[in-house]
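In: curious how this folds, go ahead:
(2 chains)
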Protein chains: 2
Amino acid sequence: MPQAVVLELIGEKPPLYPAKYAHGLFFTLLSRIDPLLAEKLHMAPRKPFTLAPLSERRGVLLLRLTTLDDGLFAPFLRVLLEMAPEGFPLGDTPYRLARVLATGEGHPLAGAASWEELKKAPRRERATLRFLTPTVFATSKPGGRTRYTPLPDPRLIVGSLLDKWQAHSPFPYNPRVEAALRELFALDIEVAGFRNLRFRRVQAGKGFFPGFTGEVTLRLWSESLEAQEALGRLHTLAFFSGVGAKTPYGMGLALPVVEIPRS
Amino acid sequence: MPQAVVLELIGEKPPLYPAKYAHGLFFTLLSRIDPLLAEKLHMAPRKPFTLAPLSERRGVLLLRLTTLDDGLFAPFLRVLLEMAPEGFPLGDTPYRLARVLATGEGHPLAGAASWEELKKAPRRERATLRFLTPTVFATSKPGGRTRYTPLPDPRLIVGSLLDKWQAHSPFPYNPRVEAALRELFALDIEVAGFRNLRFRRVQAGKGFFPGFTGEVTLRLWSESLEAQEALGRLHTLAFFSGVGAKTPYGMGLALPVVEIPRS
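Out: Below you'll find the predicted structure:
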């Protein structure tokens, strides 16, 4: 079941590179539970989790963890709680776990939904996402080039979410339907509006990456019920999967907005 | 010679749809000079001019006209000056021509450059454009669809400028080089940064179109001197040609920025 929790961590000084340290901590803890799984995940091109520092104020660091893999969340939370009394380091600073916020009441960015619920998400012709951390799309090009797109390109947003759905959902589309959906999205999806769009370059893992934040509304012109259903699912998935590249390093944190968007 | 002039028009009340009325006036005046040319231009898919209302304050309307076609500017200006004493209507409001600002000293958005000068523009690896009016790209898709992209997609920006260069310059690239340039731009150009990006829907001709304004810096990674040279030319051309769709209706007014951009 896709899960999003917000960990409230308390330390003496703010960590220098919270996203990087959190990533390291995640793998350290995971190695304790299951060294083989940690190794496998470390190598996986598509990680079934996202990890984003939300804020740091007066020694309280909020760290958001989402998991898409059922086998990951429960044991990870267990080792986290087991270690809580002694604490754990983020970089060179010891932190202790004060609270785990696991529901929307506890924190607006926490919650859980079953894959069955995501599958049953209502159809959508419009979908608004609020990108809370810098978001970027990486595209492999011929000759070993990787190019970065720090823009809310509708085809890349939906394509990234469909990649994540296909990789992690127990209900992936079959290859024929998947290809048809990608074709429809390429033809029939537009940006209906955006606001508060900002550019920022951030560190994520070994390098710096460009990204955008802000709110974007997509409009699907297709009358295909299957495409509208897929847009509904992908919009809902975004809360747990994030969007684009480097989501295990804090990038691409996207909040699906369900209020009626301005056009 | 590509020309940009700012016309200072004085009227009693602000026009309701300045871009639309200005477009109408342009063709009315053109019909007086050369009815056949007016008809031909009206039908042309790529118009060799742009027309944008810049501002309206206290009865003074600034209207920017650029021409890419040598045969268009001189006669048009002549009929404009001839008619100036009696005035001409913008929609239902009579206006008189107070001044024609034709140089950069007169107005930062006015000036002229020969095609030879544009051809000799310095090579660029980075190019910054400030989009002063909403800018949009129209893409034809199968099945008669037209989709609009109100985002500063680097490939679309450079592709649009290359289209305009090919259509209007006396020095178009030959088809082989043009294809190679498009390929290189698709592979090797990225958004290096943007600021003040805003979304706005505006009326342009018969419909409303989405668009973006703001400043965008492109980065060309290619080491091809030909591609860098082309980027330099296209960046300089943007001042006269505008960028994207509906430039004869005030959209896509882009100012090339030559100061060293922030990344």
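
In: from here on, just use CA atoms for contacts and neighbour counts.
Out: OK.

In: OK, contacts around the closest residue to A:A52 other than its chain neighbours?
Out: Sequence neighbours aside, A:G250 is the residue nearest to A:A52 in space, at 3.8 Å (criterion: C-alpha to C-alpha, 6 or more residues apart in numbering or on different chains). For A:G250, the contact set (C-alpha atoms under 8 Å, 6 or more residues apart in numbering or on different chains) comprises A:A19, A:T50, A:L51, A:A52, A:P53, A:T133, A:A204.

In: what subset of those residues is buried?
Out: Buried members of these, scored by 16 or more other C-alpha atoms under 10 Å in any protein chain shown, are A:A19, A:T50, A:L51, A:A52, A:P53, A:T133, A:A204.

In: need these in JSON lines (columns: pLDDT, secondary structure and distance to A:L181).
Out: Shown next, in JSON lines, are the buried ones among the contacts of A:G250 (pLDDT from 0 to 100; DSSP: H, G, I helix; E, B strand; the rest coil; distance: C-alpha to C-alpha, whole Å):
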{"residue": "A:A19", "pLDDT": "80", "secondary structure": "helix", "distance to A:L181": "34"}
{"residue": "A:T50", "pLDDT": "93", "secondary structure": "strand", "distance to A:L181": "25"}
{"residue": "A:L51", "pLDDT": "90", "secondary structure": "strand", "distance to A:L181": "29"}
{"residue": "A:A52", "pLDDT": "91", "secondary structure": "strand", "distance to A:L181": "30"}
{"residue": "A:P53", "pLDDT": "89", "secondary structure": "strand", "distance to A:L181": "33"}
{"residue": "A:T133", "pLDDT": "96", "secondary structure": "strand", "distance to A:L181": "27"}
{"residue": "A:A204", "pLDDT": "88", "secondary structure": "strand", "distance to A:L181": "31"}
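
In: closest to A:L161 out of those?
Out: A:T50 (13.4 Å; C-alpha to C-alpha).

In: ok, now how distant is that closest one from chain B?
Out: According to C-alpha to the nearest C-alpha, to the nearest Å, A:T50 and chain B sit 25 Å apart.

In: quick one: contacts for that residue?
Out: Residues in contact with A:T50 (C-alpha under 8 Å, 6+ apart) are A:R64, A:L65, A:T66, A:T67, A:F240, A:S241, A:G242, A:T247, A:P248, A:Y249, A:G250.

In: quick one: name the residues of chain A near chain B.
Out: By C-alpha under 8 Å from any C-alpha of the partner chain, the residues of chain A that approach chain B are A:141-142, A:147-153, A:187-188, A:190-200, A:210.

In: retrieve the pLDDT associated with the spatially most central residue of chain A.
Out: The centre of chain A sits closest to A:G242, judged by C-alpha atoms, centre = their mean, with a distance of 2.2 Å. pLDDT recorded at A:G242 is 97.

In: pretty sure A:G106 belongs to a strand, no?
Out: No - under DSSP: H, G, I helix; E, B strand; the rest coil, A:G106 sits outside any strand and is assigned coil.

In: okay, now it: neighbour count?
Out: Each residue near A:G106 was counted by other C-alpha atoms under 10 Å in any protein chain shown, and the total is 14.

In: over to A:G24?
Out: Counted with other C-alpha under 10 Å, the neighbours of A:G24 add up to 17.

In: next SSE downstream of the helix or strand hosting it?
Out: Element membership of A:G24, judged by DSSP states H and E, is helix A:18-33. Moving toward the C-terminus from helix A:18-33, the next helix or strand (DSSP H and E) is helix A:35-43.

In: show me the shaky parts of chain A.
Out: Along chain A, the model assigns pLDDT under 70 to residues A:259-263.

In: just the strands in it please.
Out: A:3-11, A:49-57, A:60-67, A:88-90, A:93-101, A:111-112, A:126-135, A:137-141, A:145-149, A:189-204, A:207-220, A:254-257 (DSSP state E).

In: what pairs with the third one, parallel or antiparallel?
Out: The reference is to strand A:60-67. Strand pairing for strand A:60-67, using DSSP bridges, gives strand A:3-11 (antiparallel), strand A:49-57 (antiparallel).

In: dump the C-alpha coordinates for that strand into PDB.
Out: Taking C-alpha atoms only, strand A:60-67 is exported to PDB below (Å, rounded to 0.1, in the frame of the first residue of the first chain):
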ATOM      1  CA  VAL A  60      13.000  20.300  14.300                       C
ATOM      2  CA  LEU A  61      13.500  18.700  10.900                       C
ATOM      3  CA  LEU A  62      10.500  17.400   9.000                       C
ATOM      4  CA  LEU A  63      11.400  14.600   6.700                       C
ATOM      5  CA  ARG A  64       8.800  13.100   4.300                       C
ATOM      6  CA  LEU A  65       9.100   9.400   3.300                       C
ATOM      7  CA  THR A  66       6.800   7.800   0.800                       C
ATOM      8  CA  THR A  67       6.900   4.100  -0.200                       C
END
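
In: which residues are contacting that strand?
Out: Residues outside strand A:60-67 that contact it (C-alpha under 8 Å, 6+ apart): A:2-11, A:14, A:22, A:48-56, A:73, A:109-110, A:240-241.

In: separation between the closest residue to A:F49 other than its chain neighbours and A:A238?
Out: Once flanking residues are discounted, A:F49 sits nearest to A:T67: 4.2 Å by C-alpha to C-alpha, 6+ apart. Counting by C-alpha to C-alpha, to the nearest Å, the gap between A:T67 and A:A238 amounts to 12 Å.

In: picking that back up, now do the buried residues in the helix holding A:G24.
Out: Within helix A:18-33, the residues that count as buried by 16+ other C-alpha under 10 Å are A:18-27, A:29-30, A:33.

In: same thing with stretch A:165-183?
Out: Neighbour-count burial for stretch A:165-183 flags A:W165, A:Q166, A:H168, A:S169, A:P172, A:E178, A:L181, A:R182 (criterion: 16+ other C-alpha under 10 Å).

In: kindly report the same for stretch A:45-59.
Out: A:R46, A:K47, A:P48, A:F49, A:T50, A:L51, A:A52, A:P53, A:L54, A:E56.

In: now do the end-to-end distance for it.
Out: End-to-end span of stretch A:45-59 (C-alpha to C-alpha): 34 Å.

In: and for stretch A:245-253?
Out: End-to-end span of stretch A:245-253 (C-alpha to C-alpha): 10 Å.

In: now do that stretch: distance to the chain's middle.
Out: 6 Å (C-alpha atoms, centre = their mean, to the nearest Å).

In: ditto for stretch A:199-216
Out: The gap between where stretch A:199-216 is centred and where its chain is centred comes out at 14 Å by C-alpha atoms, centre = their mean.

In: buried stuff in it?
Out: Neighbour counts over stretch A:199-216 (16+ other C-alpha under 10 Å) mark A:199-205, A:209-216 as buried.

In: ok, which pair from those is furthest apart?
Out: The distance between the two most remote of those (C-alpha to C-alpha) is 26.1 Å, for A:G205 and A:V216.

In: test my guess that A:I157 contacts A:A245.
Out: No - using C-alpha atoms under 8 Å, A:I157 is not in contact with A:A245, being 10.6 Å away.

In: nearest to chain B, of the buried ones among the contacts of A:G250?
Out: In terms of C-alpha to the nearest C-alpha, no member of the buried ones among the contacts of A:G250 lies closer to chain B than A:T133, at 15.9 Å.

In: now do the contacts for that closest one.
Out: With the criterion set at C-alpha under 8 Å, 6+ apart, A:T133 makes contact with A:F212, A:T213, A:G250, A:M251, A:G252, A:L253, A:A254.

In: before I go, just wanted to say thanks for your time.
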